[in-house]
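Chemist: Below: sequence and its predicted model.
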Amino acid sequence: MVRMTQYARGGGCACKLPASDLEALLAGVDLPGHPDLLVGAETGDDAAVVRLDGGRAVVSTVDFFTPVVDDPYDWGRIAAANALSDVWAMGGEPLLAVNLVGWPRDELALDLLADVLRGGADIARRAGCAVAGGHTVDAAEPLYGMAVTGLAHPDRLLRKDAAAPGLPLSLTKPLGVGVLNTRHKRTGEVFPEAVAAMTSLNGPASRAALAAGHRAATDVTGFGLLGHLLTMVRSSGLGARLDAAAVPLLEGAREAVRDGFVSGGSRRNLEWVRPDLDVAGSVDEDDLLLLADAQTSGGLLVVGEVPGGVVIGETVAGPARIAVG
């Protein structure tokens, strides 16, 4: 069996550029705007949104990464679910996707790429999203993902900057895929529960959040729960309390941290958010590493309660800090 993860330095959303680097990078780039651009790069949201008319807005996103698991079909499914999630995280519905592929054609057979594409197509089919071609390049590392276009109502979006104080924080998937994927990459151990979590679609949670009248959400991916929560409280001008003991974890995640299977991306996440944390004495470094674990195709973090979600804290008035207890 070809081990796909051995052809990439990183894996999944852990191979993102660090958030601190992105902040510095974008500070020096003047991006053009538009009168109907409702959500751009300013708030670090999950997708861009442009108003078409009074009842329709286009949601646009792109996401791709190196192999997160060895099975090419599962990698395709995970990458597609992750890309589609950005549309749901904004309160939209995916309409059309195109594939993005980088492939070391002299090292990996094209039959493996066909398995990747079949995995992505099967997830898009489950989501009711068309896939219409894409773009491929010969690359040093295998890369796969999708650019996705969706539709939403411009007055019923889920945004990072719309959180209000005094509301519960709900998480719809357990954490820990980052450390389990790192263990998988280094040892070859397979974690079916992690694959099941990463291929679970966030569409039902998004629709439930909208039906409940919630206005703020994000999906938890490469910057970890703490990183995505920090960008939310910063853009909304409030703070948050997080109950570390209430955060659901995948089986084996805590043991993976204990055994040292923590990616560099997760460690960089923690160092980025650490200055904005107020940490109780009962919370140790392993707890923080799990809260900062770089997720791939993670769940939605919703300001408000949603069916199937776990309440892990609350938003609070005050400075943009996170109290972890």
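Modeler: That came through fine. On a predicted model such as this, the values are computed, not experimentally measured, just so you know. Numbers count the residues shown, from 1 in each chain.
Chemist: mind checking which helix or strand the residue nearest the centre of the chain is in?
Modeler: Geometric centre of the chain, nearest residue: T221, 2.5 Å, by C-alpha atoms, centre = their mean. Using DSSP states H and E, T221 sits in no helix or strand.
Chemist: The residue lying farthest from the centre of the chain: which element?
Modeler: Largest separation from the mean C-alpha position in the chain: D106, at 31.1 Å (C-alpha atoms, centre = their mean). Counting by DSSP H and E, D106 is held by no secondary-structure element, helix or strand.
Chemist: now the one 5 residues further on
Modeler: Under DSSP H and E, the secondary-structure element containing D111 is helix 110-127.
Chemist: Which residues does that helix contact?
Modeler: Identification of contacts with helix 110-127 by C-beta atoms under 8 Å, 6 or more residues apart in numbering yields 2, 4, 72-81, 84, 94, 97, 99, 101, 103, 130-131, 142, 144, 146, 199, 201, 203. The way it works is simple: take the backbone N, C-alpha and C, and place the C-beta from them, glycine included.
Chemist: now the following helix or strand past that helix against helix 110-127, angle please.
Modeler: Using DSSP H and E, the helix or strand that follows helix 110-127 towards the C-terminus is strand 130-138. For strand 130-138 against helix 110-127, the angle by axes from the mean of the first three to the mean of the last three C-alpha atoms, to 10 degrees is 150 degrees.
Chemist: Name every strand pairing with the following helix or strand past strand 130-138 and say which way it goes.
Modeler: As assigned by DSSP H and E, the chain's next helix or strand after strand 130-138 is strand 143-152. Paired neighbours of strand 143-152 in the sheet (DSSP bridges): strand 56-65 (antiparallel), strand 93-103 (antiparallel).
Chemist: Run the chain-centre distance for strand 143-152.
Modeler: With C-alpha atoms, centre = their mean, to the nearest Å as the basis, strand 143-152 stands 13 Å off its chain's centre.
Chemist: what pairs with the following helix or strand past it, and is each one parallel or antiparallel?
Modeler: Counting by DSSP H and E, the element after strand 143-152 in chain order, helix or strand, is strand 168-171. Strand pairing for strand 168-171, using DSSP bridges, gives strand 300-303 (antiparallel), strand 310-316 (antiparallel).
Chemist: follow-up on the earlier one: can I get the helix holding D111 as CSV, trimmed to CA atoms?
Modeler: What follows is helix 110-127, C-alpha atoms only, in CSV (Å, rounded to 0.1, in the frame of the first residue of the first chain):
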residue,chain,number,x,y,z
LEU,A,110,-2.7,8.6,-11.6
ASP,A,111,-4.9,5.7,-10.4
LEU,A,112,-4.3,7.1,-6.8
LEU,A,113,-5.5,10.5,-8.0
ALA,A,114,-8.6,9.0,-9.5
ASP,A,115,-9.4,7.5,-6.0
VAL,A,116,-8.9,11.0,-4.5
LEU,A,117,-11.3,12.6,-7.0
ARG,A,118,-13.8,9.8,-6.4
GLY,A,119,-13.8,10.5,-2.7
GLY,A,120,-14.3,14.2,-3.3
ALA,A,121,-17.1,13.5,-5.7
ASP,A,122,-18.9,11.2,-3.3
ILE,A,123,-18.9,13.8,-0.5
ALA,A,124,-20.1,16.5,-2.9
ARG,A,125,-22.9,14.2,-4.0
ARG,A,126,-24.0,13.7,-0.4
ALA,A,127,-24.0,17.5,0.0
